[in-house]
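[1] Here you go, sequence then predicted model.
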Amino acid sequence: MSTATSSPDHAVVRQLTRRSQSNFYYSFLFLPRPQRAAIMAVYAFCRSVDDAVDAAPDPATARAQLDRWRRELAACFGEGEPDNPITRDLADQVRRMRLTRDPLEEVIRGVEMDLTQRAYETFEDLAVYCRRVASAVGLSCIEIFGSRGEESRRYATTLGLAFQCTNILRDLRADCRRGYCYLPAEEMRRFGYTGEEAASGRGGPGFKALMEFQCRRAQGLFAQADAEFPRAERRRLYAAEIMGAIYRRICKRIARSPEAVLERRVSLSRPHRLALAAGLFARARLAP
């Protein structure tokens, strides 16, 4: 019998994950092999669900693809048999790690919002989307890490909000060019800036003031997550700390030079991400 990390299905998942080289990838490099395999399965599923909308030629096709992934997820929890290598591997990890269904369902619900909503009036409206597409992923991750208490769940939820707010700033121009403007509309009006200006790469005083406001919010969420971090769980949650450190650095870079998001995708170099990951892993190993 194939093990969790040697099956043909997991090979597909591993290839997809390694090819992405996302910030998420660096957060689980130092995990024990069983946890790393489970995180890869969750990542591959969430990435595939997201691609079902982003790569679809029209909303009808996207909705059909999401319905298919919803059926595949149901099969991971005993409602039939999954027929995709990604969900076959996920089903194996669900059994091994006792993953719960709702966070993964929330990811589908969040991605599905992109089919009907291209803008959000208030941050409270936007936060619903952020919790579904980002915080829910974090809730699955902490289950894999073996940290399921309420403090850990609160921390994962806040950290997910901080991640997604940073993503929104980083991808502002690209998203607006696709017709999605995730920054709250009431805040854009307050600072006199538009999605059309972002799509065309125009900055100016309104853009700078808007970005300063948004960066302060994201940095406040990172600070809140730090305050909520359950110190007793450091040995379990170091991968989440790694991800938090990477995204916090990206947010700081955007805050220092907001115009950069109109020119390129702000990121950290591979050596920088590896150094952050190694340092936080070492600190976690020394934790009492």
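    Nice, I can see it.

[2] show me where pLDDT drops low in the protein?
    Scanning the chain for pLDDT under 70 picks out 1-6, 21.

[3] in it, which spans are strands?
    Under the criterion DSSP state E, the chain contains no strands.

[4] Any idea which residue is closest to the centre of it?
    With distances taken as CA atoms, centre = their mean, the residue of the chain nearest its centroid is residue 134 (4.2 Å).

[5] which residues does it contact?
    Applying CB atoms under 8 Å, 6 or more residues apart in numbering to residue 134 gives the contacts 160, 161, 163, 164, 167. Glycine gets a C-beta too; all of them are placed from N, C-alpha and C.

[6] Those into CSV, with extra columns for neighbour count?
    Shown next, in CSV, are these (neighbours: other CB atoms under 10 Å):
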residue, neighbour count
160, 25
161, 24
163, 29
164, 25
167, 20
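
[7] Of the residues you listed, which belong to helices?
    Here DSSP state H is the test, and the contacts of residue 134 give 160, 161, 163, 164, 167 as lying in helices.

[8] Can you add distance to residue 81 and give those residues back as CSV?
    CSV is the format used below for these (distance: CB to CB, whole Å):
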residue, distance to residue 81
160, 31
161, 35
163, 33
164, 33
167, 34
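
[9] Out of those, which comes closest to residue 80?
    Closest to residue 80 out of the ones in helices among the contacts of residue 134 is residue 160 (29.6 Å), distances taken as CB to CB.

[10] who's in contact with stretch 71-88?
    With CB under 8 Å, 6+ apart as the criterion, stretch 71-88 contacts 8-9, 12-13, 16, 41, 44-45, 48, 69, 90-91, 94, 101, 104-105, 108.

[11] Filter those residues down to the buried ones, ChimeraX style.
    Under the burial definition 16 or more other CB atoms under 10 Å, those of the contacts of stretch 71-88 that qualify are selected in ChimeraX by:
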select :9,12,13,16,41,44,45,48,69,90,91,94,104,105,108
